[in-house]
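Novice: what follows is a predicted protein model with its sequence.
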Number of protein chains: 2
Amino acid sequence: MTPFTPKLTEAGLNPNVSVDCVIFGFDGERLKVLLIDRDQVISAKGDEKIYALPGNLIKEDENLDEAAERVLFELTGLEDIFLEQFGSFGDPKRLTKEHDSQWLKQIRAHPEARVITVAYYSLIRADQYELHASGFAKDAIWHDIEELPPLGFDHSEIIESALKELKFKSKYQPIGFELLPEKFTLGQLQKLYEAILNIELDKRNFRRKILKMSFLTPLKEKQIGVPHKPARYYTFDRDKYQSYKSQDFYFTL
Amino acid sequence: MTPFTPKLTEAGLNPNVSVDCVIFGFDGERLKVLLIDRDQVISAKGDEKIYALPGNLIKEDENLDEAAERVLFELTGLEDIFLEQFGSFGDPKRLTKEHDSQWLKQIRAHPEARVITVAYYSLIRADQYELHASGFAKDAIWHDIEELPPLGFDHSEIIESALKELKFKSKYQPIGFELLPEKFTLGQLQKLYEAILNIELDKRNFRRKILKMSFLTPLKEKQIGVPHKPARYYTFDRDKYQSYKSQDFYFTL
DNA sequence: GAATTAAAGTGTAAAATTAACACTTAGGCC
DNA sequence: GGCCTAAGTGTTAATTTTACACTTTAATTC
């Protein structure tokens, strides 16, 4: 990896607008978020590292969606990820915490500039992508959404907002395709919904409802090696799944 | 009205970030949007005026919500309006149409600057507010959403996006309180839903459904002077209405 | 190899909601 | 007095939702 020379790369960047990406993953049990290690240790007791969302200033000649895509790639190596804008954050003091402005002095040509950030989120199958941290990201790591490390800037707020959006969306659109592996069991799908909505669902009712939508294709294959009755695997029928997305839909239970 | 001296007022403005407000109203029949007359005539055949959403650059010391509130007030006189952010627009070419950049040269200290705009929307009772155009707004006028005049910048796109958001929101949250006069008939409420969703609803089913939610209080008062059976007036029970908003809800029919 | 453990898988009945549908009423207008 | 217009009102069938418990299958343990 070539050493990062931040300020030299600032040409063409707009000093006042950034994008941040909240990338959600699911490990079969819990929801995860992708964070970058910005390689800074809080001086207070504990010596905890500070993490951040992958994000950076936009370029003058790209639109917001392009910026989000580029920045995500530059910091984490993730490519071809469908990102959806969900909100913008512009408190004048959002960058003024001591350790944040210290950090900005290292990487920005105009570390004092006011920055409004446009936030994006995405759902991905963590296992389908390789992470390659680069740029000012020392590392890119999945973190459990329920127990996040200390975060820079207003990134806690941004993640909270993204999660709210996700909960909301998952109630009127099918979710799962984006987060689950190619083949999965109904139990995993139910766990995913339970993790997102943070509630318990009735197994029989859940299955009936989700199967009736008929975007799930049962496979002949079953789990092997599990210490209980092996579950059948399913795949998503992409076309039906997508057409369901555009339909009206409301998830109860 | 004092003459507008734009460039002198630019102190403290961030050159790269603006807010725009999509204010919806309802006249009992049709959905309306509030536009400002930017007092510029397209030179091409027709001599049509160009309109725009109320919007302007943000100040360095205010957050986005505050900026939206201030800008709306400065241009239209509207105050104490609940504004909700719904998206940001940042195409690098969004200000580059000829008549738009001409206009910007008149009002901006940095007319060439790239501007990302954060868009807000609101629903208001048109009859409850007086409009006072000022600043670079020569006038502020309600326009029928279905037949909009030529709009500057990407404001058509922004309005379309706001409308989509409104349609969407109205399906899972009660809407009406914000747009209807203090007392209103069930017919008006139904017309509002029909105008927003752009569909026809069954009168009996609509009434049953909306009354069951029990945030409507029937009044003794009825319409007078109408050439048909006078309808009963209702008011919203604000508390119940608000608590319904936070609940789960899905509007069918 | 019998017993244990763990999650998979499966059905029904009661209650609630949705969808479709038409006539009577009240008031102004001519 | 007759006409016009929108208000107001109920029923039935179909669908959806909710609540709820036992059997099956495979691995693990002893």
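Specialist: Looks like it arrived, so ask away.
Novice: wait, what's in contact with the closest residue to chain B within the stretch 101-250 of chain A?
Specialist: As assessed by C-beta to the nearest C-beta, chain B sits closest to residue A:250 within the stretch 101-250 of chain A, at 4.3 Å. To be clear about C-beta, it is placed using only N, CA and C from the backbone, and glycine gets the same treatment. Counting by C-beta atoms under 8 Å, 6 or more residues apart in numbering or on different chains, residue A:250 touches A:171, A:172, B:172, B:250.
Novice: just the residues you listed: which are in helices?
Specialist: Those of those mapping onto helices are A:171, A:172, B:172, per DSSP state H.
Novice: got TSV for those residues, with distance to DNA strand C, pLDDT and neighbour count too?
Specialist: TSV is the format used below for those (distance: C-beta to the nearest atom of the strand, whole Å; pLDDT from 0 to 100; neighbours: other C-beta atoms under 10 Å in any protein chain shown):
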residue	distance to DNA strand C	pLDDT	neighbour count
A:171	14	88	18
A:172	13	86	16
B:172	12	86	16
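Novice: what's the closest of those residues to residue B:133?
Specialist: residue B:172 (35.0 Å; C-beta to C-beta).
Novice: where exactly do the helices run in the stretch 101-250 of chain A?
Specialist: Remark: helices assigned in the stretch 101-250 of chain A by DSSP state H, counting those that start in this stretch are A:155-172, A:186-197, A:203-212, A:238-246.
Novice: and those as a markdown table, adding distance to chain B?
Specialist: Converted to a markdown table, those look like this (distance: least, C-beta to the nearest C-beta, whole Å):
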| stretch | distance to chain B |
| --- | --- |
| helix A:155-172 | 7 |
| helix A:186-197 | 11 |
| helix A:203-212 | 14 |
| helix A:238-246 | 12 |
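Novice: quick one: closest of the ones you listed to residue B:105.
Specialist: Among those, helix A:155-172 comes nearest to residue B:105, with 36.0 Å by C-beta to C-beta.
Novice: list the buried residues for that closest one?
Specialist: The neighbour-count check on helix A:155-172 (16 or more other C-beta atoms under 10 Å in any protein chain shown) flags A:155, A:158, A:159, A:161, A:162, A:163, A:165, A:166, A:169, A:170, A:171, A:172 as buried.
Novice: what's the answer for stretch A:201-208, then?
Specialist: So stretch A:201-208, judged by 16+ other C-beta under 10 Å, has buried residues A:201, A:206, A:207.
Novice: related to what we said a few turns ago, how far away is the residue of the stretch 101-250 of chain A closest to chain B from DNA strand C?
Specialist: Residue A:250 sits 9 Å away from DNA strand C, taking C-beta to the nearest atom of the strand, to the nearest Å as the criterion.
Novice: so is stretch A:171-187 next to DNA strand D?
Specialist: No - contact of stretch A:171-187 with DNA strand D (C-beta under 7 Å from any atom of the strand) is absent, the minimum separation being 11.5 Å.
Novice: put the alpha carbons of that stretch into CSV.
Specialist: Provided in CSV are the C-alpha atoms of stretch A:171-187 (Å, rounded to 0.1, in the frame of the first residue of the first chain):
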residue,chain,number,x,y,z
LYS,A,171,-41.9,-2.6,6.8
TYR,A,172,-43.2,-1.8,3.4
GLN,A,173,-40.6,-3.3,1.1
PRO,A,174,-39.1,-6.7,1.1
ILE,A,175,-35.6,-6.8,2.4
GLY,A,176,-33.3,-9.7,2.5
PHE,A,177,-32.0,-10.3,-0.9
GLU,A,178,-29.4,-7.6,-0.4
LEU,A,179,-28.2,-8.9,2.9
LEU,A,180,-28.4,-12.7,2.8
PRO,A,181,-26.1,-15.1,1.1
GLU,A,182,-27.2,-16.7,-2.2
LYS,A,183,-29.0,-19.5,-0.5
PHE,A,184,-30.4,-19.2,2.9
THR,A,185,-33.0,-20.7,5.2
LEU,A,186,-36.3,-19.2,6.2
GLY,A,187,-35.0,-19.1,9.8
